[in-house]
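S.K.: this one's structure only:
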């Protein structure tokens, strides 16, 4: 059995005992009473009454242990087991360079400004819009079909539109889809500008091909 040190290193008191809160069994009595109280809801009301009486007695006993004066006990301390004071070292810290001794920390060599993320997001959004319109033209013979689908995220009444309405031009739907698509594209571009320096090697592959796929 190993002996653990008593106290913290900065404690310089020489007292032979430490005043600690006295142990109490009333919290366990209260917990047992509450368990019976809730069990009475599923079993019989007499179980709940017994749980209520035990809970009240446990709460009163716990109350008297801490109010008006909290109960304490003295815990003896062996001065020989106190830890030695911490002494500061005067030696300096040698910092590793990137790549030295297989150092794993990767420091970004360049940081992309938020403006590049905004322009990148707008360019990506334009390409996505062209692909979506191409899909709508091939699948539904209308470029307004994907536009109205996107507008349904903002305009709830678009969810009740029929197939012919989704294929037709809608000014409110076009405005809502355009505003939402531009906003989401800019936000995604800003996120890319922030996290792109954190990508490993071949960042254009990770950020430009794999993640979008």
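M.R.: Cool, the structure landed. Because the structure is a prediction, the values reported are computed rather than measured.
S.K.: which residues in this structure form strands?
M.R.: Remark: strands assigned in the chain by DSSP state E are 17-21, 72-76.
S.K.: could you check the angle strand 17-21 makes with the last one?
M.R.: Same thing as strand 72-76. For strand 72-76 against strand 17-21, the angle by axes from the mean of the first three to the mean of the last three Cα atoms, to 10 degrees is 140 degrees.
S.K.: The strands of the chain: which one's closest to residue 117?
M.R.: The minimum distance between residue 117 and the strands of the chain falls on strand 17-21, with 55.5 Å, by Cβ to Cβ. For every residue, glycine as well, the C-beta is placed using N, CA and C.
S.K.: mean confidence score for that closest one?
M.R.: Strand 17-21 shows a mean pLDDT of 79.
S.K.: List the neighbouring strands of that strand plus their orientation.
M.R.: Using DSSP bridges, strand 17-21 pairs in its sheet with strand 72-76 (antiparallel).
S.K.: returning to that earlier point: nearest to residue 121, out of the strands of the chain?
M.R.: Of all these, it is strand 17-21 that lies closest to residue 121, at 58.3 Å by Cβ to Cβ.
S.K.: what residues does the closest one touch?
M.R.: Here strand 17-21 makes contact (Cβ atoms under 8 Å, 6 or more residues apart in numbering) with 6, 7, 70, 71, 72, 73, 74, 75, 76, 77.
S.K.: Going by distance to residue 40, which of the residues you listed wins?
M.R.: Closest approach to residue 40 among the contacts of strand 17-21 (Cβ to Cβ): residue 71, at 31.5 Å.
S.K.: Next, count neighbours for the closest one.
M.R.: The local packing of residue 71 (other Cβ atoms under 10 Å) involves 11 other residues.
S.K.: Nearest spatial neighbour of it, chain-adjacent residues omitted?
M.R.: residue 22 (3.9 Å; Cβ to Cβ, 6 or more residues apart in numbering).
S.K.: No further questions, thank you.
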